[in-house]
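> give me the fold of what follows.
(one chain, ligands or ions: 1)
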Amino acid sequence: MASVFTYDDSKTLAHDLAQYILAQQNKALQNGKRFNIAVSGGSLLKALNAGLIQDPEFQNKVQWSHWHVFFCDERIVALEDEDSNYGAFKKQVLDPLLSVDGALGPTCYAINESLVGLGENDRIAAEYESLLPDHFDLILLGCGPDGHTCSLFPGKTHEYLLQEREKKVTWCHSSPKPPADRVTFTLPVLEAAEALCFVAEGASKQPILERILEGHDTTLPAGLVTENYQSCVSWFVDQAAVKGLSVKKETFSGN
Ligand SMILES: O=C1O[C@H](COP(=O)(O)O)[C@@H](O)[C@H](O)[C@H]1O
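Now for the predicted structure:
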């Protein structure tokens, strides 16, 4: 079964999320020199800032120089565009790190910006795929109010994204949430990961979490991932997101 960790407020959620990420980091670095992590965009990044950057308990424990950071999905826009997931990560994590004395940053892998706007979206996806490691130690996921995760959207029109088994990164066109063109990890990448972790906060996520955690709804991409890869899936949620649901109210307590 997937683990669901529930918190009263964003600060304690961010604290335990950081602790969970560090546990995955330490496990990976016991076996090698790289921590291969993929991050999503959206609301997750605020929690990363609060936990990994602002929380004094973790500032010296994150081994940034061993981190290889990829993006689960990316909007096909310039990296400094406000819609860019890389850009948002830079703002919440990379830029604040610059002001930490002696901190060495992670190695980050962004899409090839020089191809943006040239009608080369398949090539952007293929080039990004060529950068990916064999598998990820940790993939941090979001969940939209419609049940999308990465840029894997629910519904007939976007079924091709969930059906993709050959490509690891594919072009998502006509995204129902702007911007329309994106690249996204596909299910085989999620399937191969050591650990998958969703973060969802706020009342706007409650109806979709009810369908995922209580209804086990596999028509929703986030539900499909939760059901299919249960043992390596964790959810970090706040009380508002699971209000009225019968999920066990536990918090993360170690490995
Ligand atoms: O468009 C996107 O949305 C999802 C969910 O974002 P949230 O703000 O509702 O948490 C995000 O995981 C994904 O990376 C992003 O491109």
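> and the closest residue to the ligand within the stretch 51-200 of the chain, how many neighbours does it have?
The minimum distance from the stretch 51-200 of the chain to the ligand, using C-beta to the nearest ligand atom, falls at Gly142 (2.3 Å). All C-beta atoms are positioned from the backbone trio N, CA, C, and that covers glycine. Counted with other C-beta atoms under 10 Å, residues neighbouring Gly142 total 23.
> same check, this time on Leu131
13.
> repeat for Val93
By other C-beta under 10 Å, 21 other residues sit near Val93.
> is it true that it touches Lys46?
No - contact criterion C-beta atoms under 8 Å: Val93 and Lys46 do not qualify, at 10.4 Å.
> hang on, isn't Val237 packed against Ser3?
No - using C-beta under 8 Å, Val237 is not in contact with Ser3; the gap is 10.9 Å.
> more crowded one of the two?
Neighbour tally, Val237 and Ser3, criterion other C-beta under 10 Å: the higher count belongs to Val237, 24 against 17.
> please give the element, helix or strand, for that one.
Secondary structure from DSSP states H and E places Val237 in strand 233-238.
> pLDDT of that strand, averaged?
Mean pLDDT, computed over strand 233-238, is 98.
> stretch 74-91 now?
What stretch 74-91 shows for mean pLDDT is 98.
> gap between stretch 146-163 and the chain center?
Taking C-alpha atoms, centre = their mean, to the nearest Å, one finds the center of stretch 146-163 at 16 Å from the center of the full chain.
> flag every buried residue along the helix or strand containing Ala126.
Using DSSP H and E, Ala126 sits within helix 121-131. Buried residues in helix 121-131, defined by neighbour count with 16 or more other C-beta atoms under 10 Å: 121, 124-126, 128-129.
> distance to Gln19 for the residues you listed - can I get that in a markdown table?
A markdown table is the format used below for those (distance: C-beta to C-beta, whole Å):
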| residue | distance to Gln19 |
| --- | --- |
| Asn121 | 38 |
| Ile124 | 35 |
| Ala125 | 34 |
| Ala126 | 36 |
| Tyr128 | 30 |
| Glu129 | 31 |
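> now, the most widely separated pair of the residues you listed?
Across the buried residues of helix 121-131, the longest distance by C-beta to C-beta is 12.8 Å; it joins Asn121 and Glu129.
> circling back to that earlier point, just checking: what are the partner strands of the strand holding Val237?
Looking at strand 233-238 with DSSP bridges, its paired strands and their directions are strand 3-7 (parallel), strand 196-200 (parallel).
> and the contacts of it?
When contacts are defined by C-beta atoms under 8 Å, 6 or more residues apart in numbering, strand 233-238 is touched by residues 2-10, 13, 16-17, 20, 47, 195-202, 205, 209, 213, 225-226, 252.
> among those, which ones are buried?
Buried by 16+ other C-beta under 10 Å: 2-7, 10, 13, 16-17, 20, 47, 195-201, 205, 209, 213, 225-226, 252, out of these.
> ok so, going back, which elements pack onto the helix holding Ala126?
In terms of contacts (3 or more C-beta pairs under 8 Å, 6 or more residues apart in numbering; DSSP states H and E), helix 121-131 is packed against strand 169-172, strand 182-185.
> on that earlier part again, could you give the separation of the strand holding Val237 from the chain centroid?
Computed by C-alpha atoms, centre = their mean, the separation of strand 233-238 from the middle of its chain amounts to 12 Å.
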